[in-house]
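> after the sequence you'll find the predicted model.
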Amino acid sequence: MYKLFTLSILLCTTTLMTSAKGHQSAQTSKNQESAAEAPRYELVWSDEFDYNGLPDSKKWSYDIAGNKSGWGNNEAQFYTKENLKNAEVKDGMLFINAIKEDFEGKKYTSARLITKSKGDWLYGKVEVRAKLPEGRGMWPAIWMLPTDWKYGGWPASGEIDIMENVGYDPYVIVASAHTKAYNHSIGTHKNAKITIADCYAEFHNYILEWDSDEYRVYVDSTLYFTYKNDGTGFQSWPFDQRFHLLLNVAVGGNWGGSKGIDDTITSRSMVVDYVRVYQKK
């Protein structure tokens, strides 16, 4: 009886091991297939911020053209140009600083950095690792605008919002698409939200993957917004043209300031660890 019992256990163990190995082999094969199917990207543009001083002028410019108009959103800040107080690279990071101070008729200064004519892309993957500024009235953004405005002024030529956060709605990250057919001015804009409980204390990766048929927005590895090309033309899909990247911290404005601005805040920073842009091989 003992020998039979032992033999039975050995047979069961062998069967289980064979089954497990078969499962592992199938899973490995499946993983290899998934890896083979995944898009293969190569790095085409980046800033690791491994220097000190002003942002690299070969990669970044300062957008100041809308200061007088309030950028169409009644914003409270004045964006400065080549001012270390508002945009500085140090300790391996880019700091975009919104500061409470009277300047050119505004109550705040900040910076709005753009890659236009220095980094313009059609399709690809954009990854920005950043820590966000906290406080009511703060409005940091990582986003993209068309370089050539082929289909006309905003919103006809499109806008891709990879990350926006308004301080009165803490921890809520918003991704949006703006087109002629879908935009906030007519109440049809497409967006999605995700809550990131430590977005002010920790760095996260804000990612766009953009193809000819759709674009997808992630925080770290979590996909939370997909905007699809419905095939009806530029009115809904103007995203077949070159776009460039923008990084900025606005203060107040129609959305960011709709619950007021905490006037006890004297300065806040969006801190960027790196910016990397990839395109498919």
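Ah, there it is.

> contacts, neighbours, all on C-alpha from now
Noted.

> flag the shaky bits of this protein, pLDDT-wise.
Screening the chain residue by residue with the criterion pLDDT under 70, one finds the ranges 1-39.

> that one: helices as residue ranges?
For the chain, the helices defined by DSSP state H cover 2-37.

> domain ranges for it?
Following automatic domain parsing, one finds the domains of the chain at 1-38, 41-280.

> tell me which of the ones you listed sits most buried.
Mean neighbours per residue, mean count of other C-alpha atoms under 10 Å, is largest over the domains of the chain for domain 41-280, with a mean of 19.

> so how far is that one off the chain centroid?
7 Å (C-alpha atoms, centre = their mean, to the nearest Å).

> so how far is A76 from A201?
For A201, the distance to A76 equals 25 Å [C-alpha to C-alpha, to the nearest Å].

> residue contacts, E202?
Applying C-alpha atoms under 8 Å, 6 or more residues apart in numbering to E202 gives the contacts K131.

> actually H244, not the one I wrote
114-117, 119-121, 144-147.

> beta partners for it?
D120, L145 (DSSP bridges).

> distance of it relative to A76?
For H244, the distance to A76 equals 24 Å [C-alpha to C-alpha].

> now K190
26 Å.

> check R216 too.
Taking C-alpha to C-alpha, one finds R216 at 31 Å from A76.

> same deal with E127?
E127 is 28 Å from A76, by C-alpha to C-alpha.

> for V275, same thing?
From V275 to A76 the distance is 27 Å (C-alpha to C-alpha).

> same check on E104?
Distance from E104 to A76, by C-alpha to C-alpha: 11 Å.

> do the same with R129
Separation of R129 from A76 (C-alpha to C-alpha): 26 Å.

> check A111 too.
As for A111, its distance to A76 is 12 Å (criterion: C-alpha to C-alpha).

> leaving out chain neighbours, which residue sits closest to W149?
Nearest residue to W149 in three dimensions, chain neighbours excluded: S157, at 5.3 Å (C-alpha to C-alpha, 6 or more residues apart in numbering).

> wait, that neighbour touches M144, no?
No. At 11.2 Å, S157 and M144 do not qualify as touching, with contact defined as C-alpha atoms under 8 Å.

> no more questions from me, cheers.
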